[in-house]
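Q: test case, fold it:
(one chain, ligands or ions: 2)
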Amino acid sequence: MKVFTPSFGLLAAFVAHTQAGLRFPCSTLTTQRLDPAAQPGALPSAHLHMIVGGNAFNATMLGDVGERATCTTCQMSEDFSNYWVANLYFKDPNNGSYHRVMPKPVQPLLGGSDGAQGGLTVYYTQFDLSKDNLARQPIKAFPPGFRMTVGSPTVTTKPHAGLSYQCMSGRSRGTIVSDFPKGKCDNGIFTTHHFAPCWDGKNLDSPDHQSHMFNTVTSEGFTNAPACPSSHPVRVPQVAFEVEWDTPAFNSLWDPAKDKNPFVWSYGGVGAGTHADYMFGWKGDSLQRAMDKSECFYDGCGSIKKQAMSEANKCTVEDFVKENIDGWQTSMAGGVGGEATAAKVKKSFTA
Ligand SMILES: *[C@@H]1O[C@H](CO)[C@@H](O)[C@H](O)[C@H]1NC(C)=O
Ligand SMILES: *[C@@H]1O[C@H](CO)[C@@H](O)[C@H](O)[C@H]1NC(C)=O
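A: Ligands and ions are numbered 1, 2, ... in the order given. Alright, predicted model coming up:
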């Protein structure tokens, strides 16, 4: 299956087979300029992120996150991992003011997933979304302290396969494209972020936060992953997440016939620079348990614990950075003013 565009009928067909893989919502935990994976210790980090997951989130994160956290905004209540992306902004073409765009829960979701607030939808899969891969290739859960990123804000041409955009019209997600959609999307901009599924088996991180991993994704959509190479022989769960940005809130303020795309990421670069960060934090062996059981698929997972989203929504972290990111602003958080300052961001990101 090349492109995964769920409908209830399609999901019912999947659930009838034995599969192992997870899909669940996580509400927004916080939106701040923090980046414990790419800029550990920076308070604040270069650009604004929308973060979900456990409450051990902080400017610096070392050791066993799953043991430190006490709550999570994710539906799977043993998952204290953190997942984050750059936040989207709208730049008003008439007066140049910026307003942050809010994420909205990806729908439809199954199994009591309703009630997520903002956030994103996380996937942990083994092979693809239509086959159980347990017999073919063992999947090893990440060790405590593990982190990785995918994509880079400094990329200016085409993002890696698996990092993509779709222009949502009603329930339809539309064609997968590698940059911001052209024109207005009446139900929002949908973004997908696939992480590398092959690990070197040794390093919890690497200087670029990516070279301890190998990305087998070469085409868009949830496709069958090729075998891992000998340099990165350990097959870990394929982590992916999806975010829906509520861009229609700004659609009355711009005219595609006159204005160029008014949406801009918080790092000030172009759409090809889309990227995402992952900080592993499942408690104990819970992720391994989920990956070892074919009963775990979507909401059909008896071996790991779930919580109501109303409970998940109570989990918070403090506002470490303390800057006003609401309402209309003369620049994006961190003083970034759009494409013109992308070079400056590049410098601070790699510093
Ligand atoms: C965040 O990290 C700082 C510095 O390591 C530490 O002092 C503080 O207690 C942490 N806060 C939370 C809420 O974990
Ligand atoms: C820019 O336009 C928006 C939308 O009309 C408005 O709400 C905002 O106040 C304006 N900003 C300035 C600085 O005038």
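
Q: okay, CA-based contacts and neighbour counts for the rest of this
A: Noted.

Q: check which residues of stretch 303-310 are buried.
A: With burial defined by 16 or more other CA atoms under 10 Å, the residues of stretch 303-310 counted as buried are 304, 306, 307, 308, 309, 310.

Q: following the one helix or strand residue 190 maps to, which helix or strand comes up?
A: If you go by DSSP states H and E, residue 190 is part of strand 189-194. Scanning forward in sequence from strand 189-194 by DSSP H and E, the next helix or strand is strand 198-199.

Q: partners of that following strand in the sheet?
A: Neighbouring strands of strand 198-199 in its sheet, by DSSP bridges, are strand 213-214 (antiparallel), strand 234-235 (antiparallel).

Q: what sits closest to the spatially most central residue of the chain if chain neighbours are left out?
A: With distances taken as CA atoms, centre = their mean, residue 241 lies nearest the centre of the chain, 4.2 Å away. Leaving aside its chain neighbours, residue 241 sits nearest to residue 122 (4.4 Å; criterion: CA to CA, 6 or more residues apart in numbering).

Q: tell me where the model's unsure across this structure.
A: Scanning the chain for pLDDT under 70 picks out the ranges 1-20, 108-113, 127-137, 222-225, 294-302, 337-351.

Q: show me what from it comes close to ligand 2.
A: For the chain, the residues in contact with ligand 2 (CA under 6 Å from any ligand atom) are 95, 97, 328.

Q: quick one: which of those residues has the most company?
A: Neighbour count (other CA atoms under 10 Å) singles out residue 97 as the most crowded of the residues of the chain next to ligand 2, with 17 neighbours.

Q: once you drop chain neighbours, what's closest to that one?
A: Residue 97 sits nearest to residue 330 (CA to CA, 6+ apart), 5.1 Å away.

Q: can you pull the contacts of the one you found?
A: By CA atoms under 8 Å, 6 or more residues apart in numbering, the contact list for residue 330 reads 96, 97, 98.

Q: correct me, but the second one touches residue 329?
A: Yes. Contact between residue 97 and residue 329 holds when scored by CA atoms under 8 Å: they sit 5.7 Å apart.

Q: strands of the stretch 201-350 of the chain, start to end?
A: Using DSSP state E, counting those that start in this stretch, the strands of the stretch 201-350 of the chain run over 213-214, 234-235, 238-245, 263-265, 275-279.

Q: tell me the angle the last one makes with strand 238-245.
A: With axes from the mean of the first three to the mean of the last three CA atoms, to 10 degrees defining the directions, strand 275-279 sits at 120 degrees from strand 238-245.

Q: who are the packing partners of strand 275-279?
A: Helices and strands touching strand 275-279, by 3 or more CA pairs under 8 Å, 6 or more residues apart in numbering; DSSP states H and E, are strand 82-86, strand 147-151.

Q: the fourth one too?
A: With contacts taken as 3+ CA pairs under 8 Å, 6+ apart, strand 263-265 sits against strand 88-91.

Q: please report phi then psi for the residue nearest to residue 241.
A: Dihedral pair for residue 122: phi -100, psi 140, per degrees, to the nearest 10.

Q: neighbours of residue 171, how many?
A: Residue 171 has 12 neighbours, counted by other CA under 10 Å.

Q: next, the residue lying closest to it once chain neighbours are set aside: secondary structure please.
A: Spatial nearest neighbour of residue 171, chain neighbours left out: residue 187 (7.8 Å); criterion: CA to CA, 6+ apart. Assigned by DSSP: H, G, I helix; E, B strand; the rest coil, the conformation of residue 187 is coil.

Q: shouldn't residue 187 be in contact with residue 166?
A: No. The criterion here is CA under 8 Å, and residue 187 misses it with residue 166 at 10.4 Å.

Q: who has more neighbours, those two?
A: Using other CA under 10 Å as the criterion, residue 187 and residue 166 rank with residue 166 on top: 22 against 19.

Q: many thanks, I have nothing further to ask.
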